[in-house]
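S.K.: give the three-dimensional model of this entry:
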Amino acid sequence: QVQLVESGGGLVQPGGSLRLSCAASGFTFSSYAMSWYRQAPGKERELIAGFTNPAGTTSYKDSVKGRFTISRDNAKNTVYIQMNSLKPEDTAVYYCRGIGWHDGTGYWGQGTQVTVSS
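M.R.: Model prediction:
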């Protein structure tokens, strides 16, 4: 059974940090491009960070560049996103996604809420 389980969300003050984790199971994690999306209330889900190739090249949405860092640990079947200098506009439900490098099969996690507020 394929699962992507996010954790680490919560309430944080502006300027604070959070690290989200996404634990994968049920598929060959290293064969999948992993990425993070978010969806704010009333807005469409958007891609914010991801691995663009198996060599580990990453890309980021401009609004999070320099503040967020995506990483992965293939031994632990986990992808992370470190979020620093958080802003109220970063408030959203954050989702991880895996897409097979070779066959394009895709999976979503259930999401974790991040709220940035004083």
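S.K.: can you give me the strands for this protein?
M.R.: 3-7, 10-12, 18-25, 32-39, 46-51, 58-60, 68-73, 78-83, 92-100, 106-108, 112-116 (DSSP state E).
S.K.: so what strands line up beside the third one?
M.R.: Based on DSSP bridges, the pairing partners of strand 18-25 within the sheet are strand 3-7 (antiparallel), strand 78-83 (antiparallel).
S.K.: Throw the strands of the chain into a markdown table and include mean neighbour count and mean pLDDT, thanks.
M.R.: For glycine as for every other residue, the C-beta is placed from the backbone atoms N, C-alpha and C. Formatted as a markdown table, these follow (neighbours: other C-beta atoms under 10 Å; pLDDT from 0 to 100):
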| stretch | mean neighbour count | mean pLDDT |
| --- | --- | --- |
| strand 3-7 | 17 | 97 |
| strand 10-12 | 14 | 98 |
| strand 18-25 | 19 | 98 |
| strand 32-39 | 22 | 97 |
| strand 46-51 | 19 | 98 |
| strand 58-60 | 16 | 97 |
| strand 68-73 | 18 | 97 |
| strand 78-83 | 22 | 98 |
| strand 92-100 | 21 | 97 |
| strand 106-108 | 14 | 96 |
| strand 112-116 | 18 | 98 |
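S.K.: centroid-nearest residue for the chain?
M.R.: The centroid of the chain falls nearest to W36 when counting by C-alpha atoms, centre = their mean (2.7 Å).
S.K.: who touches stretch 96-106?
M.R.: Here stretch 96-106 makes contact (C-beta atoms under 8 Å, 6 or more residues apart in numbering) with 4, 6, 20, 22, 24, 27, 29, 31-37, 50, 54, 79, 107-109.
S.K.: quick one: end-to-end length of that stretch, please.
M.R.: Criterion C-alpha to C-alpha, to the nearest Å; first-to-last residue distance in stretch 96-106 is 11 Å.
S.K.: how far out from the middle of the chain is that stretch?
M.R.: Computed by C-alpha atoms, centre = their mean, to the nearest Å, the separation of stretch 96-106 from the middle of its chain amounts to 14 Å.
S.K.: now stretch 6-21
M.R.: With C-alpha atoms, centre = their mean as the basis, stretch 6-21 stands 12 Å off its chain's centre.
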